[in-house]
Every structure is written in structure tokens, then in C-alpha cells.
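J.: fold the following.
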Amino acid sequence: MDLVVRVPRMPLPGETLTGHSFLPNPGGKGANQAVACARQGAQVDMIGRVGNDSFGAGLRAALVAQSVDASGVGTTDEMSTGVAMIMVDDAAQNCIAVVPGANASVGAQDAETLRQRVAAAGLLLLQLEVPMVAVLGAAAIARQAGCPVLLNPAPAQALPEALWPLVDILVLNETEAALFSGLPGVDPGNANEAASALLRRGPQHVIVTLGAHGVVWASAAGTRHLPAQKVQAVDTTAAGDTFIGALAALLVEGRSMEEALSHAIRAAAICVTRVGAQTSMPSRGEVERRG
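T.: Next up is the predicted model:
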């Protein structure tokens, strides 16, 4: 669950700051990406876990309301539902702290239990809000079945070497790209270098998202920059998740990577003009009308 506080600016260390508003919203990277994908018309199954609490019930209901199959989302009495504490300032920038909660109890056995569902998928979309053993297990099942794997390595943490060869598409932001490429920082000036370095680790495609500066896409054919659409941003909280979900949906349809990236960029542009996470995600029709 996303717990969102609107603030005039980010507080300094030790400072207490009066906020504009507080709003709990259904969220989580996996759930957000699932909803974004479903909004583009894809059939989506989700694997995860929530606590036996009001947040968990609300998250499950939100997924079902968006036509996401939540039968793979388990419930535990031993841990509370994961939460993200999000501050959004007047410049539409955000900072986020995540407490995984029940998601931390997801393991390789969960992917194994749902092996047939993973193997039959057109694409497996992974994040790092669940333990690495679950990520590795699901990716291995997908690879055995010939199902492409898209990894969004967030929240950022070190990746085991065994995971790299299982990833077909890597989508990450500047902070994550710096961590995994070894560069001291990544920005529009050196994103090509970071993407090329990560491509050598094994993925067929590496996409570095640069916010208002668009994306850099690296593949065997070379490196390209695709610009963002110019909009007046209100809240960037779910921009990355919207981009990834839309990208996944178009790839499952058999669209080219270039077509899918163009669609995802338009979806993210609409998202940042609205407040919230899942509530800000556009429908397929809205994205197509923008194109």
C-alpha cells in the first residue's frame, strides 16, 4: 500500500515539515506494473503475498477491479502487508521508502507452485520487492519454458551472477543503472555508456529511463535515444511502473521493441500529469489518442 504525503519540499535531516495532504493508495511496484499492463489490454496474472489486514484486502480488491488475476497472491497471518512511504514535493519529485512486509515471505516454492502459469505466459515481469530466491526461481522456470523475462531491478540491490543470463530485457532508472554499471553516476550524458556496459552482462535489451529526458535503449543493433513527451508533471510516483507495464503489454502483443517503447513513453507522459499511482495510469485508448 502506498502512503503518500504531499509536501512543499523534501524535509532536511532532523526537520519536521508540515505537509499539504495525506492519501493511502493501492500500490507496490509489482501491483502497479500489473495494473499498468492490464490497462493496456493485456491478460495479467500476479504472484505475491499480502497480510491478513485491511491493506491486504484493499490491494487485492484493487487488482481484481483492474482485471488482474490475483489468485496467485497469497495471504499470511504472520506478516503485515507491505507499504511504501512516499513524499511528493511541489516540483513533482518524490522519495520513497519501502517496507516489504508479507512480500518478504514469497519464495521459490511460490513460483514452483504456479509453474504452469509462469511457463504459459507471454512474458514474465519481475521486480525486487520479493526475495531474490523467488526472483531466481521464477526466472529459471521462464527460461526453461522459453518465456521472455523482463527485470526491473528495484528496489535496487546487488544481483547474483546466476540471474544475469536469465534476463532478456532489463529496464532501470539512472540510479539503478549507476549501481549495476559501476559508473559514479548516470545521466543523459553517459546513459549510452551505462546501457552498453549492462548489455554485456547478458540481456538482449537494456532500457535506461531518464525521466523528462526520455530513454536510452541498447541492443545488439546499437544504442538509441528516444525523447520523452513534453508535459507539465504533477506527480512522477508511478511513471516508471506505468512505462514498464505498457512496454510489457505491447511486447506480449508481438509489437517491435521500438513500437513498444514509443507507446510506453506516451503512457508515462499521461501518468505524470495526474496524482497517485494506479489511479494515474492511462487506458489503452488514452495512450493511442495521444499518439
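
J.: so for the closest residue to Asp69 other than its chain neighbours, what's the pLDDT?
T.: For Asp69, ignoring the flanking residues on the chain, the nearest one in space by CB to CB, 6 or more residues apart in numbering is Asp45 at 4.4 Å. (C-beta placed from N, C-alpha, C; glycine too.) Looking at Asp45, its pLDDT is 95.

J.: tell me the SS of Trp217?
T.: Classification of Trp217 using DSSP: H, G, I helix; E, B strand; the rest coil returns strand.

J.: OK, contacts around it?
T.: 195, 205-207, 223-226, 257, 261 (CB atoms under 8 Å, 6 or more residues apart in numbering).

J.: give me the subset of the residues you listed lying in strands.
T.: 205-207, 223-226 (DSSP state E).

J.: Ala84: which of the residues you listed is nearest?
T.: Ile207 (22.8 Å; CB to CB).

J.: could you measure from the closest one over to Leu251?
T.: 11 Å (CB to CB, to the nearest Å).

J.: now do Ala139
T.: Taking CB to CB, one finds Ala139 at 16 Å from Leu251.

J.: name the SS class of the residue nearest the centre of the chain, please.
T.: Centroid-nearest residue in the chain: Asp241, 3.8 Å away (criterion: CA atoms, centre = their mean). For Asp241, the assignment made with three-state DSSP gives helix.

J.: that one reaches Gln33, doesn't it?
T.: Yes: at 4.9 Å, Asp241 and Gln33 qualify as touching, with contact defined as CB atoms under 8 Å.

J.: show me where the protein dips below the pLDDT cut-off.
T.: 291 (pLDDT under 70).

J.: show me where it has strands.
T.: Using DSSP E, strands in the chain cover 2-6, 21-25, 44-51, 68-76, 83-88, 94-99, 124-126, 149-151, 169-173, 205-209, 215-219, 222-226.

J.: name the surrounding residues that touch the second one.
T.: When you say that, I think you mean strand 21-25. Contacts of strand 21-25 (CB under 8 Å, 6+ apart): 1-6, 55, 276-279.

J.: go with 7 Å
T.: Residues external to strand 21-25 that are found in contact with it (CB atoms under 7 Å, 6 or more residues apart in numbering): 1-6, 276-279.

J.: relative to Gly107, which of these is nearest.
T.: Nearest to Gly107 among these, with distances taken as CB to CB, is Met1, at 22.0 Å.

J.: neighbours around that closest one, how many?
T.: Number of residues near Met1 (other CB atoms under 10 Å) recorded here: 25.

J.: Val216 too?
T.: Around Val216 there are 25 residues (other CB under 10 Å).

J.: now the closest residue to Ala108 other than its chain neighbours: how far from Asp168?
T.: In space, and not counting its chain neighbours, Ala108 is closest to Gly137: 3.2 Å by CB to CB, 6+ apart. Noted for Gly137: a distance of 17 Å to Asp168, by CB to CB.
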